[in-house]
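1. Requesting a structural model of the entry that follows:
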Amino acid sequence: MSERMPLVVLAAGGTGGHIFPAEALARELMGRGYRVALMTDTRGSRFSGDLLVPVYRTRASSLKTGLWGKLRSIAEMGIGVLQARSRLAKLRPDIVVGFGGYPSVPALYAAAQLNIPIVLHDSNAVLGRANRALMEKARIIATSFPHVAGLKASIQARLVYTGNPVRPAFMALRGTPYAALGDDGPMKILVMGGSQGAKVFSHVVPQALALMPEHLRRRVVIAQQCRKDDIESARSAFAAAGVDAELASFFTDVPERMAASHLVICRAGGSTVAELTVIGRPSILVPFPHGHAGEQTANAEAVAEAGGAWLIPEQAFTPEALAIRLESLMALPTTLTKTAAAARAWGKITAADSLADCVIGVINDTRHLVALLPPAA
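-> Okay, the predicted model is just below:
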(Lines give C-alpha, C1' and ligand atoms only; values in the text may rest on other atoms or scores of the structure.)
Protein backbone atom coordinates (compact mmCIF):
# COMPACT_ATOMS: atom_id res chain seq x y z
CA MET A 1 0.00 0.00 0.00
CA SER A 2 1.27 3.49 -0.84
CA GLU A 3 2.73 5.55 1.99
CA ARG A 4 1.53 8.81 0.46
CA MET A 5 -0.16 11.22 2.84
CA PRO A 6 -3.93 10.73 2.70
CA LEU A 7 -6.02 13.01 0.52
CA VAL A 8 -9.15 14.54 2.06
CA VAL A 9 -11.77 15.98 -0.29
CA LEU A 10 -14.05 18.58 1.28
CA ALA A 11 -17.51 19.00 -0.28
CA ALA A 12 -19.28 22.22 0.62
CA GLY A 13 -21.92 24.65 -0.52
CA GLY A 14 -20.68 27.98 -1.81
CA THR A 15 -21.86 30.26 1.01
CA GLY A 16 -19.78 31.25 4.01
CA GLY A 17 -21.77 29.08 6.39
CA HIS A 18 -20.53 26.00 4.55
CA ILE A 19 -17.15 27.18 3.25
CA PHE A 20 -15.79 28.72 6.47
CA PRO A 21 -15.94 25.50 8.56
CA ALA A 22 -14.45 23.61 5.60
CA GLU A 23 -11.63 26.15 5.45
CA ALA A 24 -10.94 25.79 9.17
CA LEU A 25 -10.76 21.99 8.86
CA ALA A 26 -8.52 22.29 5.79
CA ARG A 27 -6.05 24.40 7.74
CA GLU A 28 -6.02 21.93 10.62
CA LEU A 29 -5.51 18.91 8.34
CA MET A 30 -2.81 20.60 6.28
CA GLY A 31 -1.05 21.55 9.49
CA ARG A 32 -0.90 17.83 10.27
CA GLY A 33 0.53 17.05 6.84
CA TYR A 34 -2.60 15.84 5.07
CA ARG A 35 -3.47 16.76 1.50
CA VAL A 36 -6.75 18.59 0.93
CA ALA A 37 -8.96 19.42 -2.07
CA LEU A 38 -12.33 21.16 -2.32
CA MET A 39 -15.38 20.26 -4.42
CA THR A 40 -18.04 22.98 -4.64
CA ASP A 41 -19.88 25.18 -7.13
CA THR A 42 -18.77 28.44 -8.71
CA ARG A 43 -19.64 30.48 -5.60
CA GLY A 44 -17.19 28.56 -3.44
CA SER A 45 -14.38 28.80 -5.97
CA ARG A 46 -11.67 29.50 -3.43
CA PHE A 47 -10.95 29.68 0.24
CA SER A 48 -10.20 33.05 1.77
CA GLY A 49 -6.79 34.29 2.78
CA ASP A 50 -3.61 32.47 1.88
CA LEU A 51 -4.98 28.91 1.93
CA LEU A 52 -4.45 27.44 -1.52
CA VAL A 53 -5.93 24.03 -2.28
CA PRO A 54 -7.10 22.44 -5.53
CA VAL A 55 -10.73 23.34 -6.25
CA TYR A 56 -13.00 21.24 -8.46
CA ARG A 57 -16.40 22.53 -9.51
CA THR A 58 -19.42 20.34 -10.12
CA ARG A 59 -22.90 21.07 -11.38
CA ALA A 60 -25.57 21.26 -8.70
CA SER A 61 -28.93 22.87 -8.23
CA SER A 62 -31.30 23.50 -5.37
CA LEU A 63 -34.70 21.91 -5.76
CA LYS A 64 -36.85 24.22 -7.87
CA THR A 65 -40.62 24.50 -7.77
CA GLY A 66 -42.92 23.29 -10.52
CA LEU A 67 -42.61 20.18 -12.63
CA TRP A 68 -40.07 21.56 -15.11
CA GLY A 69 -38.08 23.20 -12.33
CA LYS A 70 -37.86 19.92 -10.43
CA LEU A 71 -36.90 17.99 -13.56
CA ARG A 72 -34.16 20.51 -14.33
CA SER A 73 -32.83 20.33 -10.76
CA ILE A 74 -32.71 16.53 -10.92
CA ALA A 75 -30.96 16.63 -14.29
CA GLU A 76 -28.33 19.11 -13.09
CA MET A 77 -27.72 17.11 -9.93
CA GLY A 78 -27.31 13.96 -12.02
CA ILE A 79 -24.74 15.68 -14.22
CA GLY A 80 -22.96 16.86 -11.07
CA VAL A 81 -22.80 13.32 -9.69
CA LEU A 82 -21.26 12.07 -12.94
CA GLN A 83 -18.71 14.92 -12.89
CA ALA A 84 -17.85 14.24 -9.26
CA ARG A 85 -17.59 10.49 -9.82
CA SER A 86 -15.14 10.99 -12.69
CA ARG A 87 -13.04 13.40 -10.63
CA LEU A 88 -13.01 11.25 -7.50
CA ALA A 89 -12.05 8.17 -9.51
CA LYS A 90 -8.96 10.05 -10.69
CA LEU A 91 -8.11 11.67 -7.34
CA ARG A 92 -8.69 8.49 -5.31
CA PRO A 93 -9.21 10.35 -2.02
CA ASP A 94 -9.14 8.53 1.28
CA ILE A 95 -12.30 10.25 2.49
CA VAL A 96 -14.90 12.87 1.51
CA VAL A 97 -16.11 15.28 4.19
CA GLY A 98 -19.42 17.06 3.53
CA PHE A 99 -20.33 20.43 5.04
CA GLY A 100 -23.87 20.77 3.75
CA GLY A 101 -25.43 22.85 1.01
CA TYR A 102 -26.75 21.41 -2.23
CA PRO A 103 -23.33 21.74 -4.01
CA SER A 104 -21.97 19.13 -1.58
CA VAL A 105 -24.45 16.50 -2.73
CA PRO A 106 -22.84 15.36 -6.04
CA ALA A 107 -19.45 14.67 -4.44
CA LEU A 108 -21.00 12.79 -1.52
CA TYR A 109 -23.28 10.64 -3.67
CA ALA A 110 -20.37 9.87 -5.98
CA ALA A 111 -18.20 8.96 -2.99
CA ALA A 112 -20.87 6.55 -1.74
CA GLN A 113 -21.04 4.92 -5.19
CA LEU A 114 -17.25 4.50 -5.19
CA ASN A 115 -17.17 3.14 -1.61
CA ILE A 116 -15.15 6.10 -0.39
CA PRO A 117 -15.83 6.75 3.32
CA ILE A 118 -17.94 9.79 4.17
CA VAL A 119 -17.99 12.10 7.19
CA LEU A 120 -20.65 14.80 7.48
CA HIS A 121 -20.50 18.04 9.44
CA ASP A 122 -23.50 20.29 10.05
CA SER A 123 -23.25 23.89 11.28
CA ASN A 124 -26.79 24.23 12.57
CA ALA A 125 -29.02 22.98 15.37
CA VAL A 126 -31.34 21.51 12.72
CA LEU A 127 -29.78 19.08 10.25
CA GLY A 128 -29.72 20.55 6.74
CA ARG A 129 -31.46 18.92 3.81
CA ALA A 130 -28.27 17.82 2.06
CA ASN A 131 -26.89 16.15 5.16
CA ARG A 132 -30.28 14.69 5.99
CA ALA A 133 -30.38 12.99 2.61
CA LEU A 134 -26.92 11.50 3.10
CA MET A 135 -26.68 10.80 6.84
CA GLU A 136 -27.25 7.05 6.53
CA LYS A 137 -24.24 6.80 4.21
CA ALA A 138 -21.88 8.55 6.64
CA ARG A 139 -19.45 6.89 9.02
CA ILE A 140 -19.68 9.90 11.38
CA ILE A 141 -22.06 12.86 11.62
CA ALA A 142 -20.29 15.70 13.42
CA THR A 143 -22.54 18.34 14.98
CA SER A 144 -21.98 21.95 15.98
CA PHE A 145 -24.63 21.93 18.72
CA PRO A 146 -25.10 19.48 21.60
CA HIS A 147 -28.67 18.80 20.47
CA VAL A 148 -29.62 18.66 16.79
CA ALA A 149 -33.08 18.15 15.31
CA GLY A 150 -33.75 16.14 12.18
CA LEU A 151 -31.58 13.14 13.01
CA LYS A 152 -32.84 9.59 12.59
CA ALA A 153 -32.68 7.34 15.63
CA SER A 154 -30.75 4.77 13.59
CA ILE A 155 -27.67 7.01 13.32
CA GLN A 156 -27.43 8.20 16.94
CA ALA A 157 -24.41 5.98 17.57
CA ARG A 158 -22.52 7.75 14.79
CA LEU A 159 -22.98 11.27 16.20
CA VAL A 160 -20.01 13.22 17.50
CA TYR A 161 -20.41 16.69 19.01
CA THR A 162 -17.35 18.55 17.74
CA GLY A 163 -18.60 22.12 17.59
CA ASN A 164 -18.31 24.31 14.50
CA PRO A 165 -14.74 25.04 13.30
CA VAL A 166 -13.98 28.74 12.88
CA ARG A 167 -11.22 30.40 10.92
CA PRO A 168 -7.90 31.20 12.63
CA ALA A 169 -8.58 34.95 12.50
CA PHE A 170 -11.42 34.46 14.99
CA MET A 171 -9.54 31.94 17.12
CA ALA A 172 -6.64 34.37 17.44
CA LEU A 173 -8.95 36.93 19.08
CA ARG A 174 -10.45 34.64 21.71
CA GLY A 175 -8.10 36.05 24.31
CA THR A 176 -9.18 39.64 23.64
CA PRO A 177 -10.88 40.89 26.83
CA TYR A 178 -14.37 42.28 26.57
CA ALA A 179 -14.14 46.06 26.99
CA ALA A 180 -16.85 46.88 29.54
CA LEU A 181 -19.20 49.67 28.52
CA GLY A 182 -18.51 52.83 30.50
CA ASP A 183 -21.25 54.97 32.02
CA ASP A 184 -20.69 57.77 29.54
CA GLY A 185 -18.37 56.20 26.95
CA PRO A 186 -19.19 55.18 23.38
CA MET A 187 -21.16 52.01 22.73
CA LYS A 188 -19.74 50.20 19.71
CA ILE A 189 -22.31 48.15 17.80
CA LEU A 190 -21.55 45.88 14.84
CA VAL A 191 -24.51 45.05 12.58
CA MET A 192 -24.20 42.19 10.10
CA GLY A 193 -26.80 40.64 7.85
CA GLY A 194 -25.08 37.60 6.42
CA SER A 195 -23.29 37.34 3.09
CA GLN A 196 -25.86 39.52 1.29
CA GLY A 197 -26.78 41.88 4.09
CA ALA A 198 -30.31 42.14 5.49
CA LYS A 199 -32.80 44.79 4.48
CA VAL A 200 -34.55 44.64 7.84
CA PHE A 201 -31.45 45.87 9.68
CA SER A 202 -31.02 48.82 7.33
CA HIS A 203 -34.53 49.97 8.17
CA VAL A 204 -34.90 49.07 11.85
CA VAL A 205 -31.53 50.03 13.33
CA PRO A 206 -31.45 53.73 12.33
CA GLN A 207 -35.13 54.13 13.18
CA ALA A 208 -34.55 52.59 16.61
CA LEU A 209 -31.69 54.97 17.34
CA ALA A 210 -33.83 57.93 16.29
CA LEU A 211 -36.33 56.96 19.01
CA MET A 212 -33.70 56.99 21.77
CA PRO A 213 -32.94 60.02 23.96
CA GLU A 214 -30.32 62.24 22.37
CA HIS A 215 -27.75 61.80 25.14
CA LEU A 216 -27.82 58.01 24.58
CA ARG A 217 -28.05 58.21 20.81
CA ARG A 218 -24.91 60.35 20.66
CA ARG A 219 -22.93 57.62 22.42
CA VAL A 220 -23.70 54.94 19.83
CA VAL A 221 -21.05 54.14 17.20
CA ILE A 222 -22.32 51.87 14.42
CA ALA A 223 -20.48 49.73 11.89
CA GLN A 224 -23.12 48.15 9.68
CA GLN A 225 -23.07 45.81 6.72
CA CYS A 226 -25.79 46.83 4.28
CA ARG A 227 -26.94 45.63 0.92
CA LYS A 228 -25.66 47.94 -1.81
CA ASP A 229 -29.20 49.03 -2.61
CA ASP A 230 -29.78 50.06 1.00
CA ILE A 231 -26.59 51.94 1.85
CA GLU A 232 -27.65 55.43 0.80
CA SER A 233 -31.04 55.30 2.47
CA ALA A 234 -29.49 53.89 5.66
CA ARG A 235 -26.76 56.55 5.60
CA SER A 236 -29.38 59.29 5.35
CA ALA A 237 -31.40 57.78 8.20
CA PHE A 238 -28.36 57.55 10.50
CA ALA A 239 -27.31 61.11 9.63
CA ALA A 240 -30.82 62.40 10.43
CA ALA A 241 -30.59 60.66 13.80
CA GLY A 242 -27.18 62.19 14.47
CA VAL A 243 -25.49 58.81 14.77
CA ASP A 244 -21.89 58.03 13.81
CA ALA A 245 -22.25 55.14 11.34
CA GLU A 246 -19.76 53.38 9.07
CA LEU A 247 -21.62 51.52 6.32
CA ALA A 248 -20.32 49.04 3.76
CA SER A 249 -21.64 46.15 1.71
CA PHE A 250 -18.74 44.00 2.92
CA PHE A 251 -16.20 44.21 5.75
CA THR A 252 -12.86 42.48 5.28
CA ASP A 253 -11.97 42.76 8.98
CA VAL A 254 -15.01 41.24 10.67
CA PRO A 255 -13.01 39.39 13.37
CA GLU A 256 -11.36 42.59 14.57
CA ARG A 257 -14.62 44.55 14.42
CA MET A 258 -16.43 41.84 16.34
CA ALA A 259 -13.75 41.75 19.04
CA ALA A 260 -13.91 45.54 19.43
CA SER A 261 -17.71 45.64 19.74
CA HIS A 262 -19.83 45.97 22.85
CA LEU A 263 -22.78 44.40 21.02
CA VAL A 264 -23.38 42.59 17.73
CA ILE A 265 -26.75 42.62 15.95
CA CYS A 266 -26.94 39.88 13.33
CA ARG A 267 -28.54 36.79 11.87
CA ALA A 268 -28.06 33.42 13.57
CA GLY A 269 -26.30 31.26 10.98
CA GLY A 270 -24.19 28.46 12.36
CA SER A 271 -20.84 30.05 11.49
CA THR A 272 -21.88 33.44 12.86
CA VAL A 273 -22.93 31.88 16.16
CA ALA A 274 -19.66 29.96 16.36
CA GLU A 275 -17.61 33.09 15.67
CA LEU A 276 -19.49 35.15 18.26
CA THR A 277 -19.06 32.53 20.95
CA VAL A 278 -15.41 31.77 20.21
CA ILE A 279 -14.53 35.46 20.65
CA GLY A 280 -17.16 35.89 23.34
CA ARG A 281 -19.36 38.84 22.39
CA PRO A 282 -22.97 39.52 23.36
CA SER A 283 -25.43 39.66 20.50
CA ILE A 284 -28.99 40.34 19.51
CA LEU A 285 -29.81 37.48 17.16
CA VAL A 286 -32.55 37.99 14.57
CA PRO A 287 -32.94 34.63 12.81
CA PHE A 288 -33.57 34.53 9.09
CA PRO A 289 -37.28 33.70 9.04
CA HIS A 290 -37.41 31.78 5.76
CA GLY A 291 -35.08 28.87 6.47
CA HIS A 292 -36.49 25.52 5.42
CA ALA A 293 -36.64 24.14 8.97
CA GLY A 294 -36.15 27.10 11.29
CA GLU A 295 -32.47 26.27 11.74
CA GLN A 296 -31.42 29.83 12.60
CA THR A 297 -34.11 30.07 15.27
CA ALA A 298 -32.87 26.82 16.79
CA ASN A 299 -29.28 28.14 16.71
CA ALA A 300 -30.29 31.37 18.44
CA GLU A 301 -32.36 29.55 21.05
CA ALA A 302 -29.38 27.40 22.04
CA VAL A 303 -27.11 30.39 22.71
CA ALA A 304 -29.88 32.49 24.29
CA GLU A 305 -30.73 29.67 26.70
CA ALA A 306 -27.06 29.62 27.73
CA GLY A 307 -27.26 33.35 28.50
CA GLY A 308 -24.94 34.38 25.65
CA ALA A 309 -27.39 36.27 23.43
CA TRP A 310 -30.86 37.74 23.10
CA LEU A 311 -33.22 36.27 20.52
CA ILE A 312 -35.66 38.60 18.76
CA PRO A 313 -37.77 37.05 15.97
CA GLU A 314 -37.85 39.22 12.86
CA GLN A 315 -41.56 39.96 13.23
CA ALA A 316 -40.83 41.37 16.70
CA PHE A 317 -37.68 43.21 15.62
CA THR A 318 -39.24 46.65 15.45
CA PRO A 319 -37.62 50.06 15.98
CA GLU A 320 -39.52 50.42 19.25
CA ALA A 321 -38.43 47.01 20.57
CA LEU A 322 -34.79 47.57 19.61
CA ALA A 323 -34.74 51.07 21.11
CA ILE A 324 -36.04 49.74 24.43
CA ARG A 325 -33.48 46.93 24.43
CA LEU A 326 -30.55 49.26 23.68
CA GLU A 327 -31.63 51.79 26.31
CA SER A 328 -31.85 49.04 28.95
CA LEU A 329 -28.40 47.69 28.06
CA MET A 330 -26.85 51.14 28.23
CA ALA A 331 -28.48 51.67 31.63
CA LEU A 332 -27.16 48.31 32.94
CA PRO A 333 -23.81 47.76 31.21
CA THR A 334 -22.90 44.87 33.54
CA THR A 335 -25.57 42.87 31.69
CA LEU A 336 -23.47 43.11 28.54
CA THR A 337 -20.37 41.95 30.38
CA LYS A 338 -22.15 38.93 31.86
CA THR A 339 -23.64 38.02 28.49
CA ALA A 340 -20.21 38.27 26.84
CA ALA A 341 -18.82 35.86 29.43
CA ALA A 342 -21.68 33.42 28.88
CA ALA A 343 -21.19 33.53 25.11
CA ARG A 344 -17.47 32.85 25.52
CA ALA A 345 -18.14 29.95 27.91
CA TRP A 346 -20.53 28.40 25.36
CA GLY A 347 -18.03 28.64 22.49
CA LYS A 348 -16.20 25.43 21.57
CA ILE A 349 -12.59 26.21 20.70
CA THR A 350 -11.52 22.64 19.94
CA ALA A 351 -13.92 22.17 17.02
CA ALA A 352 -11.39 22.06 14.17
CA ASP A 353 -9.09 19.77 16.14
CA SER A 354 -11.95 17.44 17.14
CA LEU A 355 -13.33 17.25 13.61
CA ALA A 356 -9.85 16.54 12.22
CA ASP A 357 -9.49 13.73 14.76
CA CYS A 358 -12.78 12.23 13.53
CA VAL A 359 -11.70 12.40 9.90
CA ILE A 360 -8.27 10.90 10.58
CA GLY A 361 -9.83 8.18 12.74
CA VAL A 362 -12.06 7.09 9.84
CA ILE A 363 -9.11 7.15 7.43
CA ASN A 364 -7.00 5.02 9.76
CA ASP A 365 -9.83 2.56 10.40
CA THR A 366 -10.45 2.19 6.67
CA ARG A 367 -6.78 1.67 5.89
CA HIS A 368 -6.54 -0.90 8.66
CA LEU A 369 -9.51 -2.82 7.26
CA VAL A 370 -8.05 -2.70 3.75
CA ALA A 371 -4.74 -4.03 5.08
CA LEU A 372 -6.58 -7.00 6.61
CA LEU A 373 -8.27 -8.01 3.36
CA PRO A 374 -6.77 -11.03 1.60
CA PRO A 375 -4.85 -10.26 -1.59
CA ALA A 376 -6.79 -10.46 -4.84
CA ALA A 377 -6.59 -13.81 -6.59
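2. what pLDDT does residue 329 get?
-> For residue 329, the pLDDT comes out at 97.
3. So what's the residue count around it?
-> Neighbour count for residue 329, taken as other CB atoms under 10 Å: 21. Every residue, glycine included, has its C-beta placed from N, CA and C.
4. who touches the helix or strand where residue 320 lies?
-> Residue 320 is part of helix 319-331 when elements are defined by DSSP states H and E. Outside helix 319-331, the residues that touch it by CB atoms under 8 Å, 6 or more residues apart in numbering are 181, 187, 204-205, 207-213, 216, 219-220, 263, 265, 284, 310, 312, 335-336.
5. Domain-wise, how is the chain divided?
-> Domain segmentation of the chain under automatic domain parsing yields 7-164+349-372, 171-346.
6. show me the residues around the residue nearest to residue 210 when sequence neighbours are not counted that make contact.
-> Among residues not flanking residue 210 along the chain, residue 241 sits closest, at 4.1 Å (CB to CB, 6 or more residues apart in numbering). Applying CB under 8 Å, 6+ apart, we find residue 241 in contact with 206, 209, 210, 217.
7. Okay, now the unreliable bits of this protein?
-> 1-3, 44-50, 60-66, 69-70, 73, 194-197, 368-377 (pLDDT under 70).
8. ok, residue 109 touching residue 82?
-> No. The pair residue 109 and residue 82 does not pass the contact test of CB atoms under 8 Å, sitting 10.1 Å apart.
9. Neighbour count for those two, which is higher?
-> Per other CB under 10 Å, whichever of residue 109 and residue 82 has more neighbours is residue 109, with 22 against 14.
10. continuing past the helix or strand hosting the more buried one, what's the next helix or strand?
-> Taking DSSP H and E as the criterion, residue 109 maps to helix 105-113. The first helix or strand that comes after helix 105-113 along the chain, using DSSP H and E, is strand 118-122.
11. Tally up the residues packed near residue 4, please.
-> The burial count for residue 4: 9, using other CB under 10 Å.
12. that's a strand at it, yeah?
-> No. Going by DSSP: H, G, I helix; E, B strand; the rest coil, the assignment for residue 4 is coil, not a strand.
13. ok, it to residue 89 distance?
-> 17 Å (CB to CB, to the nearest Å).
14. Touching stretch 124-133 from outside, list them.
-> So stretch 124-133 is in contact with 13, 98, 100-102, 104-105, 108, 120, 122, 135, 141, 144-145, 147-151, 269-270, 292-296, 298-299, 301-302, going by CB under 8 Å, 6+ apart.
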